[in-house]
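# okay, here's the prediction I keep looking at, along with the sequence it came from:
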There are 2 protein chains.
Amino acid sequence: MASQAVTPQSVDFSAWYNEIVYKADLADQSPVRGCLIIKPYGYELWEAIKGGLDRRFKATGHQNAYFPLFIPESFLKREAEHVEGFSPELAVVTIAGGKELEEPLVVRPTSETIIMDAFKQWIQSYRDLPLLINQWANVVRWELRTRPFLRTTEFLWQEGHTAHATFEEAEAETRQMLDVYADFAMNDAAIPVIKGRKTDREKFAGAMHTYTIEAMMRDRKALQSGTSHNLGQNFAKAFGIQYLDPNNQLQYAWTTSWGLSTRMVGAIVMTHGDDKGLRLPPKVAPYQVVIVPIYKNDDERAAVEEAVTRLAKELAGAGIRLHVDRRDGVSPGFKFNDWEMRGVPVRLEIGPRDVEKGTAALARRDHPGKEGKQFVEQAGLAARVRDLLDDVQASLFRQAAEFRDANIHDVSSYDELRQLVEQGGWARGWWAGSGDDEARIKEETGATIRCIPFDQPGGGGKCLLTGQAAERVVLFAKAY
Amino acid sequence: MASQAVTPQSVDFSAWYNEIVYKADLADQSPVRGCLIIKPYGYELWEAIKGGLDRRFKATGHQNAYFPLFIPESFLKREAEHVEGFSPELAVVTIAGGKELEEPLVVRPTSETIIMDAFKQWIQSYRDLPLLINQWANVVRWELRTRPFLRTTEFLWQEGHTAHATFEEAEAETRQMLDVYADFAMNDAAIPVIKGRKTDREKFAGAMHTYTIEAMMRDRKALQSGTSHNLGQNFAKAFGIQYLDPNNQLQYAWTTSWGLSTRMVGAIVMTHGDDKGLRLPPKVAPYQVVIVPIYKNDDERAAVEEAVTRLAKELAGAGIRLHVDRRDGVSPGFKFNDWEMRGVPVRLEIGPRDVEKGTAALARRDHPGKEGKQFVEQAGLAARVRDLLDDVQASLFRQAAEFRDANIHDVSSYDELRQLVEQGGWARGWWAGSGDDEARIKEETGATIRCIPFDQPGGGGKCLLTGQAAERVVLFAKAY
């Protein structure tokens, strides 16, 4: 609601982010440590993210289901790496119905274990494969340091869980779902993510391979925005998921999991936002257009209202999501600032002179001020607005891609890497180091290998750290 | 998946229900006490329920938001009746991040307290009212006896929470949302619910008034299917929700809450199901039509497949949700039984002779056997199927309404009431008794007052129990 000034990104990005989240009315703090209240405006953004993903999941043959919130503690312990990865973060129910529980129940930090236990029952034959399940759910990880949307004790997400007959099919699924995430991120959220594989040190607890989409925020830090895991036969063996193949031989299944969370809201804020507030890509914006009626007296108001009602109906009829800001007692200027803060892609202003002349003013959020404003005929407005929205969508993506490309630099030595990370930016360089080398670099610079990008230069080079022959480049960056 | 015989309703309704839930593939048992796994087919049904309600909530001006899963124990204690109502059912997190918590966290059994704490921050002036929020969430109540969908430890629901300036506005909202529930139940789920008010003994813990929609199951027991509560100023006072009115006077707000859960899935099963399985109303059915190709050899199969693909595309293009059952290795008869078990409203059969003659067979689930089967031209199939689906929808509602009306009887003495409850059915009678009287009747007969129906005969009568002058009739029944 508020339109007060915000700490500029250049002064303190972290302060800027926190202020935007609350001032743009996306969320509120809660009395529960590390938990966020997602307010209606933030939740509508999440609903748009859900809608965009759910459509893609269903188009690729997945079905939604729902599994229990609580997981018996013993389940978590069955996959050794998995429990080691998650046990410091667990919230545990020990009392229920007034009594101490015999076996404590863990509030799910992720659902591999409880879902694999069900898969064991559901899978008997190769005819039951592939099994393609997704769950929309809340999960809990007791994080020490939390930040709105980026890292919260409870968060909302989807987690896909699938089982396949072969390694190749599981691998293809893992890659397909990474592509689905990237397609959503690029086309809907206008975030030019980079696809790649995690190193063994950075992969998911219990996975063979973890793939990731990494996005560059406006402070040049990386945000892991969605991950897809080929779990090999690790969970199938831990949970006894076996099927009879066409030759009547018992085989272990191959499983995958993949997740994207409310963290994506933070990714959208930090990829596109500026010092005036959010800038929302039209495809995910709760309101694509806000209409601000402008008048000085009741006569003008009545005339303007007639045009506003008519045009709002026309735009809504064309499938455009819009809001008319009819608030009393606040000036048009206040409303302009307020909707700029909330990042509505297009503002439509209508005043008494517009009513007389059959015109309206359109202002685009991605180019604030006069250069982004145009005066148009009311006739044919819906088509014009639709075009403008497409243009804003493309422009936000282009701006983010340019920013990203300008801030990825090739480095060929540890000194260069160190220097670049200090200045801010991502370092791309040949790599043949070990997990211990990664740990040392993290310790010394704060940067981690975000991914081994799919997009490789080819050939080979010298490892930036060890000087040994390297077959691939990696991306180093500080990350959220 | 299975098509085995089911225990008939008339033999053991409870066994019938449990078998249907699992055999129709709606759900599976979980290793967590009282928690259900909602399988894809059941979850799609829930998604249809969610969609139908969410559309209506938004059309009446409500916005979705999300509040923490965990509630500090102290919050729950602020409203005295509320904590008394819920404390025996709470699941409590005492350990998190490896440490004992200073203040235990309750897993929400409902969110009045945590949401009212937020409302206190969000409401300052009469301009902030009404505040109309809904949340889709999971909640946990540690129930002693659980049954799939009807009463589970964890369940999915929506809970609306609103704040208003006056009692009248809160009351109007409470009634409006009951109407929304009834509209959904009758028009989408084809359940002829009865709207009414709960007695003080049966109302929600902390409410002034509780309104309910009550549905009659096929065993003539009642199922409370959705409730809407006028909370008066009870929660506003407990949480300090005050606003400045237009005269600058500080006033307490008036709040409401209303909820409908995955229990609705059980209501649909037990309202419409028969001894062959589910019968799903087309408006909420995951698949409205199943197409079963019929062939004996590969040539026939190819010819049939061509027609099936073409007709499936035509029906899908007309917005009809459908599934083509192309399973190998099971007979058409097996498929018919399987889809009857799963309650798909219309089955479309296409065999080689249909391909030659340009025809198809349509079978409606609400009239099994020959009487429900018709042979139709392929030309104009989509329109014909659409009409048939409308007809099935109306027919399921009519059958349920007739069953309900045939099983509600007027009673004018406690003996008649007792006898009727024993035989099965709902008893309608004049009532001027006390809460203690209700308790005694429950003790002696197992029946409770389901509601004081809005639809009253008018005038007055003699209380069936006390003989005193009574102003209203009530409905007594055994209930889930």
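Received it, and whenever you're ready, just let me know what you need.
# return the helix or strand in chain A with minimum mean pLDDT.
The least trusted helix or strand in chain A, going by mean pLDDT, DSSP states H and E, turns out to be helix A:80-86, with a mean of 84.
# any part of that one near chain B?
No. Helix A:80-86 does not reach chain B (CB under 8 Å from any CB of the partner chain); its nearest approach is 11.3 Å. All C-beta spots, glycine's among them, are computed from the backbone N, C-alpha and C.
# following that helix, which helix or strand comes up?
For helix A:80-86, the following helix or strand on the C-terminal side (DSSP states H and E) is strand A:91-96.
# that next one: how far from the chain's middle?
Put simply, strand A:91-96 sits 30 Å off its chain's centre (CA atoms, centre = their mean, to the nearest Å).
# with stretch A:178-190 instead?
Centre to centre, stretch against its chain (CA atoms, centre = their mean), the figure for stretch A:178-190 is 9 Å.
# need the contact partners of that stretch.
The contact list for stretch A:178-190, computed with CB atoms under 8 Å, 6 or more residues apart in numbering or on different chains, reads A:48-49, A:52-53, A:56-57, A:60, A:191-193, A:195, A:211-213, A:215, A:225-226, A:228, A:258, A:260, A:264, A:267-268, A:271-272, A:281, A:283-284, A:393, A:396-397, A:400.
# cutoff 6 Å now
Contact with stretch A:178-190 is made by A:52-53, A:56, A:191, A:193, A:195, A:211, A:213, A:226, A:228, A:260, A:268, A:281, A:283-284, A:393, A:396-397, as judged by CB atoms under 6 Å, 6 or more residues apart in numbering or on different chains.
# select from those every entry located in strands.
Those of the contacts of stretch A:178-190 mapping onto strands are A:195, A:211, A:213, A:226, A:228, A:260, per DSSP state E.
# looking at the residues you listed, which one is closest to residue A:424?
When these are ranked by distance to residue A:424 (CB to CB), residue A:213 comes first, at 20.9 Å.
# thinking that closest one is in contact with residue A:223, fair?
No. Applying CB atoms under 6 Å as the test, residue A:213 and residue A:223 come out as separate, 9.4 Å apart.
# more neighbours: those two, which one.
Legend: neighbour count by other CB atoms under 10 Å in any protein chain shown for residue A:213 and residue A:223, higher for residue A:213 (27 against 22).
# phi, psi for residue A:106 please.
Main-chain dihedrals, residue A:106, degrees, to the nearest 10: phi -90, psi 140.
# distance of it relative to residue B:73?
The gap separating residue A:106 from residue B:73 is 20 Å, by CB to CB, to the nearest Å.
# neighbour count for those two, which is higher?
residue A:106 (26 against 18).
# check that one and give its pLDDT.
In this model, residue A:106 is scored at 97, pLDDT.
# go on, residue A:76?
On the pLDDT scale, residue A:76 gets 89.
# kindly report the same for residue A:17.
Looking at residue A:17, its pLDDT stands at 98.
# tally of neighbours for it?
As a burial measure, residue A:17 scores 24 neighbours (other CB under 10 Å).
# and what of residue A:316?
Neighbourhood size, residue A:316 [other CB under 10 Å]: 13.
# helix or strand: which one has it?
helix A:298-317.
# list the buried residues of that helix.
For helix A:298-317, a neighbour-count test (16 or more other CB atoms under 10 Å in any protein chain shown) marks A:300-301, A:303-305, A:307-308, A:311-312, A:315 as buried.
# let me know the closest of those to chain B.
Nearest to chain B, judged by CB to the nearest CB, of these is residue A:312 at 15.9 Å.
# what's near enough to touch the closest one?
Taking CB under 6 Å, 6+ apart as the definition, contacts of residue A:312 comprise A:291, A:324.
# and the residue of the stretch 151-300 of chain A closest to chain B?
When distances are taken as CB to the nearest CB, the stretch 151-300 of chain A reaches nearest to chain B at residue A:154, 5.2 Å away.
# from residue B:135, how far out is that residue?
Residue A:154 is 13 Å from residue B:135, by CB to CB.
# and what of residue A:409?
46 Å.
# and those two? Which one has more around it.
Neighbours of residue A:409 and residue B:135, each counted by other CB under 10 Å, are more numerous for residue B:135; the result is 21 against 15.
# you'd agree the more buried one is in a strand?
Yes. Looking at residue B:135 with DSSP: H, G, I helix; E, B strand; the rest coil, it is inside a strand.
# can you tell me the element residue A:338 falls in?
Assigned by DSSP H and E, residue A:338 falls in helix A:332-341.
# on contacts alone, who are the packing partners of that helix?
strand A:289-293 (3 or more CB pairs under 6 Å, 6 or more residues apart in numbering or on different chains; DSSP states H and E).
# return the angle between stretch directions for the strand it packs on and helix A:298-317.
Put simply, strand A:289-293 runs at 170 degrees to helix A:298-317, going by axes from the mean of the first three to the mean of the last three CA atoms, to 10 degrees.
# tell me which residue is most central in chain A.
residue A:264 (1.9 Å; CA atoms, centre = their mean).
# what's the helix or strand for that residue?
Applying DSSP H and E, one finds residue A:264 within helix A:263-272.
# other residues contacting that helix?
Residues from elsewhere that reach helix A:263-272 (CB under 6 Å, 6+ apart): A:20, A:45, A:49, A:149-150, A:189, A:191, A:215, A:217-218, A:223, A:225, A:279, A:396, A:400.
# how about stretch A:24-43?
Contacts of stretch A:24-43 (CB under 6 Å, 6+ apart): A:21, A:143, A:146, A:148, A:152-154, A:277-278, A:341-342, B:63-68, B:70, B:118.
# can you do 7 Å?
By CB atoms under 7 Å, 6 or more residues apart in numbering or on different chains, the residues outside stretch A:24-43 that reach it are A:1, A:21-22, A:45-46, A:143, A:146, A:148-149, A:152-154, A:265, A:277-278, A:286, A:341-343, B:63-68, B:70, B:72, B:105, B:117-118, B:121.
# dihedrals phi and psi, the nearest residue to residue A:364 once chain neighbours are set aside?
Using CB to CB, 6 or more residues apart in numbering or on different chains and skipping residues adjacent in sequence, the residue nearest residue A:364 is residue A:372, 4.3 Å away. The phi/psi pair for residue A:372 (degrees, to the nearest 10) reads phi -100, psi 10.
# ends of stretch A:73-81, what's the gap?
15 Å (CA to CA, to the nearest Å).
# about what we covered before: can you pull the contacts of the residue nearest to residue A:364?
Residue A:372 sits next to A:363-364, A:366 when contact means CB under 7 Å, 6+ apart.
# inside helices: which ones of those?
Nothing among those maps onto helices, per DSSP state H.
# which among the residues you listed count as buried?
A:363-364, A:366.
# quick one, domains of chain A?
Domain segmentation of chain A under automatic domain parsing yields A:13-272, A:289-403, A:408-477.
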